[in-house]
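**Q** need a 3D model of the following:
(2 chains)
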Amino acid sequence: MEKTFDVAQYVDCTALILDLEINPEYRESVIANFEKIQAIAQLVNEFLLPEIEASPTFEP
Amino acid sequence: MNDAVSIAAAIQEGRLSAVEVAQTALKRIAERQELNCFTAITDDSALQDAQQIDDAIASGNNPGSLAGVPFAVKNLYDVAGITTLAGAKINAENPPASQDATAVAKLKQAGAVLVGTLNMDEYAYGFVTENAHYGATHNPHDFNRVAGGSSGGSAAAVAANLIPFTLGTDTNGSIRVPAAFCGIFGLKPTYGRLSRAGVALFSSSLDHVGSFARSVRDIATVFDVLQGYDDRDPVCTQRLPELCLSQLNSGIENLRIAIAGDYFTKGAEPEAIAAVQQVAQALDVTNYITIPEAHRARAAAFIITSCEGANLHMEKLRSRPQDFDFATRDRFLAGALIPSHWYIQAQRFRRWFRDRVREIFQSVDIILAPTTPCFAPLIGQKTMILDGKEILIRPHLGLFTQPLSFIGLPVLSVPIYRPGSLPLGVQLIAAPYNEALILRVANVLETKGIISTHTS
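**A** Numbers count the residues shown, from 1 in each chain, chains lettered A, B, ... in the order given. The predicted structure follows:
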């Protein structure tokens, strides 16, 4: 059976592991915002990058 | 012209006193309170500082290039003795800052007189300055419209002629968008070129400080004062300052200028595209270049901002989410849940995109693009019709600014007016560290009368 991604479930579980309680009053809006983020991230994630490192600025 | 340079000259030559200038600015600010630009007014210290400038001049000393010029800063800059609000109710509980942000200190050293701090979107997360705690800042050209954001108070205070220049910050467009909506100049310099020390961060990978003013020479003067290495900001460049004011009249012969095509010509009202054409025509520019994958650059900037912003405010998101502005809270909460892979991919894409744009700058010096896709929306307006489709306005306002700040390019938004119309902006974009070239082009446009600021 094909597994489908359940945004609400993801939001609930990830918030739990981050110890980030999401008030039921905001939950629907947070889910809607995450759906938006997911669609936007798709534009970056689907792009095939060559071997390239992010530009690090850390200096030991 | 009542810009900073002319005010400083009048004070230095004894035609005006710094105290008189400060009093006039404070009076104007009081008279235009309904615009809601300021969140704090520093009357007492401003008048004291102005008196010191007058005393220095009377003693034959030179107080600096901004002698007696009143200015104000977005309220996420530290000002000694004032609590840095960052547009948040939560931060109002913090103790006052113990020292000035580097940028504020440098301006004071150059003789400028701080008169207050300015309204913004909470934690700089917005393009409209409709702040649930501190109210909306109104556009001086139309009271019912937004000033833009997140540095809305900074832009409106200059456009209303309350003070000649202000400081703001730009992560995704927060200087350029309000500059365009308010019809003034807004400079977002190269990433890391000006110190952010003492400025509350939003998304460190993308945060810049910059200025608003009503003339090109003011933008250049303030930029020159603010340059220089600062070990208090880990991303501040160690390059030596390159003074720009003295280069303004070097002309633009031999400069290769092009219009940003494709992505930067779509999703906008015709007037925004026409503004770019107006500038291009004045510069005799007809050729277009393509910045590849600009839509993905904007997406990656969005992901980085969401992750870094949420991480920065995580503790408060856990302990008191009810005290956030409803306009930022749910976006921050959702941003906290982004998988790390998405963030790292966005950072890797940033480097790829930077390399492509570097290639473009091998054959071009300046690129022209619209600043915003539309005029300033009405306060409270949620959607607009574009190309026959209803879209959400707020996220759309950064359409043309986000892909550029994403890779830290220097950009000046210049004001374009058409009679009977609201102002719009055009972005003059250069390769990193080429602010001087941008300002030379802006100077030509200003001299020709193509760009100019109108105060309301």
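
**Q** rest of the way, CA atoms for contacts and neighbours
**A** Fine.

**Q** counting neighbours, what do you get for A:E2?
**A** For A:E2, the count of nearby residues is 4 (other C-alpha atoms under 10 Å in any protein chain shown).

**Q** now do B:L255
**A** So B:L255, with other C-alpha under 10 Å, has 13 neighbours.

**Q** which non-adjacent residue is nearest it?
**A** Distances taken as C-alpha to C-alpha, 6 or more residues apart in numbering or on different chains place B:D365 nearest to B:L255, at 6.1 Å, with adjacent residues excluded.

**Q** cool, B:Y191 as well?
**A** B:G408 (4.4 Å).

**Q** just the closest residue of chain B to chain A, please.
**A** Of all residues in chain B, B:R348 sits closest to chain A, at 4.2 Å by C-alpha to the nearest C-alpha.

**Q** the lengthiest helix in chain A packs against which elements?
**A** Assignment by DSSP state H gives helix A:24-45 as the longest helix of chain A. Counting contacts by 3 or more C-alpha pairs under 8 Å, 6 or more residues apart in numbering or on different chains; DSSP states H and E, helix A:24-45 is packed against helix A:7-17, helix B:294-312, helix B:326-335, helix B:340-360.

**Q** I'd like these as a markdown table, with mean neighbour count, distance to B:L245 and mean pLDDT appended.
**A** Formatted as a markdown table, these follow (neighbours: other C-alpha atoms under 10 Å in any protein chain shown; distance: least, C-alpha to C-alpha, whole Å; pLDDT from 0 to 100):
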| stretch | mean neighbour count | distance to B:L245 | mean pLDDT |
| --- | --- | --- | --- |
| helix A:7-17 | 15 | 51 | 98 |
| helix B:294-312 | 23 | 32 | 98 |
| helix B:326-335 | 22 | 39 | 97 |
| helix B:340-360 | 18 | 26 | 97 |
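
**Q** pLDDT below threshold where in the stretch 301-450 of chain B?
**A** Under the criterion pLDDT under 70, no range of the stretch 301-450 of chain B is flagged.

**Q** I meant to write chain A there.
**A** A:1, A:56-59.

**Q** using JSON lines, lay out the helices and strands packed on helix A:24-45 together with distance to B:Q51.
**A** Formatted as JSON lines, these follow (distance: least, C-alpha to C-alpha, whole Å):
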{"stretch": "helix A:7-17", "distance to B:Q51": "55"}
{"stretch": "helix B:294-312", "distance to B:Q51": "40"}
{"stretch": "helix B:326-335", "distance to B:Q51": "41"}
{"stretch": "helix B:340-360", "distance to B:Q51": "48"}
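
**Q** to B:G380, which of these lies closest?
**A** helix B:326-335 (11.6 Å; C-alpha to C-alpha).

**Q** returning to that earlier point: ok, the residue nearest to B:Y191 to B:V19 distance?
**A** 39 Å (C-alpha to C-alpha, to the nearest Å).

**Q** so these two - more neighbours on which side?
**A** B:G408 (25 against 21).

**Q** which parts of the stretch 101-250 of chain B are strands?
**A** B:113-118, B:130-131, B:135-136, B:138-139, B:142-146, B:165-170, B:185-188, B:208-213 (DSSP state E, counting those that start in this stretch).

**Q** what's the second one packed up against?
**A** Secondary structure elements in contact with strand B:130-131, counted by 3+ C-alpha pairs under 8 Å, 6+ apart, are absent; no helix or strand qualifies.

**Q** list of residues touching that strand?
**A** B:87, B:120-122, B:136-137, B:146, B:325, B:379-380 (C-alpha atoms under 8 Å, 6 or more residues apart in numbering or on different chains).

**Q** which of the residues you listed count as buried?
**A** B:87, B:120-122, B:136-137, B:146, B:325, B:379 (16 or more other C-alpha atoms under 10 Å in any protein chain shown).

**Q** of the residues you listed, which ones also sit close to chain A?
**A** Contacts with chain A are made by none of the buried ones among the contacts of strand B:130-131, judged by C-alpha under 8 Å from any C-alpha of the partner chain.

**Q** show me what contacts B:A8?
**A** Applying C-alpha under 8 Å, 6+ apart, the residues near B:A8 are B:65-69.

**Q** CSV for the residues you listed, including secondary structure, neighbour count and distance to chain A?
**A** Output for those, formatted as CSV (DSSP: H, G, I helix; E, B strand; the rest coil; neighbours: other C-alpha atoms under 10 Å in any protein chain shown; distance: C-alpha to the nearest C-alpha, whole Å):
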residue, secondary structure, neighbour count, distance to chain A
B:S65, coil, 21, 34
B:L66, coil, 27, 34
B:A67, coil, 30, 37
B:G68, coil, 35, 39
B:V69, coil, 31, 37
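
**Q** from the residues you listed, which is closest to B:N36?
**A** The closest of the contacts of B:A8, once distances to B:N36 are taken by C-alpha to C-alpha, is B:V69, at 21.4 Å.
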